[in-house]
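[1] Below is the sequence, then the predicted model.
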Amino acid sequence: MALAAAGLIALAPETGLAQIALKSPSWSELSPQERSVLAPLAPEWDRMDAQRKQKWRGIAQRYPQMKPDEQARIHEQMRGWAQLSPSERREAREQYKSINKLPPEKKADVKQKWEQYQNLPPEQKRELASRPSGSKVPAPGPTPPSGKPSNPSSGSR
């Protein structure tokens, strides 16, 4: 869909391009139903770019047909997204793009790790969240023929 929109923009005369680029409704221009669904995004709405607004409006249009659990998940995601700083959002978008480029088996591995994280107790999640973003939990090393995991940082060599 985005590709189609990009194609239309490329083919549009300059006046049409200006009209397409500027169509970005303010919060007060949204329908009451859209404002209700998108309420968690209200504080940030007028600072969003047109593309993001269109994405969220599409979700708002599909919202009434969603199951209650899907609606709750969408609202939770909106609240979480609205609480992120612009740099955290940018980082999240970059991570999403990099994960999307992974081969299927790597995507499955990332999904499994995410599910493991989701099952952690809240205090462990808080501990992980409090670490600086550059400090990652090291992945377990390969298991040598001895059957004991190798750990080069253990100082046993």
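    Arrived safely, thanks for sending. Numbers count the residues shown, from 1 in each chain.
[2] Low-confidence ranges, the protein, go.
    Applying pLDDT under 70 to the predicted model, the residue ranges of the chain that meet it are 1-22, 133-157.
[3] check contacts around Gln71.
    Contacts for Gln71 (C-beta atoms under 8 Å, 6 or more residues apart in numbering) come out as Tyr63. Just so you know, the C-beta spots here come from the backbone N, C-alpha and C atoms, and that holds for glycine as well.
[4] and the strand or helix carrying it, how far from the chain's centre?
    Assignment of secondary structure by DSSP states H and E places Gln71 within helix 68-83. Between the centre of helix 68-83 and the centre of its host chain there is 11 Å, according to C-alpha atoms, centre = their mean, to the nearest Å.
[5] would you list every one of the helices in this protein?
    Taking DSSP state H, the helices of the chain run over residues 2-11, 14-22, 32-37, 42-45, 50-62, 68-83, 86-100, 104-118, 122-130.
[6] isn't Leu38 right up against Gln61?
    No: counting by C-beta atoms under 8 Å, Leu38 stays clear of Gln61, with 10.8 Å between them.
[7] quick one, which of those two is more surrounded?
    More neighbours surround Leu38 than the other of Leu38 and Gln61, with 22 against 13 (other C-beta atoms under 10 Å).
[8] Excluding covalently adjacent residues, which one is nearest to Leu84?
    Counting by C-beta to C-beta, 6 or more residues apart in numbering, the nearest residue to Leu84 once its immediate chain neighbours are dropped is Ala92, at 6.7 Å.
[9] thought the one you found was touching Pro86?
    No: proximity of Ala92 to Pro86 does not meet the contact threshold set by C-beta under 8 Å, at 10.7 Å.
[10] Pick out whichever of those two has more residues nearby.
    More neighbours sit around Ala92 than around the other of Ala92 and Pro86, counting by other C-beta under 10 Å; the figures are 13 against 9.
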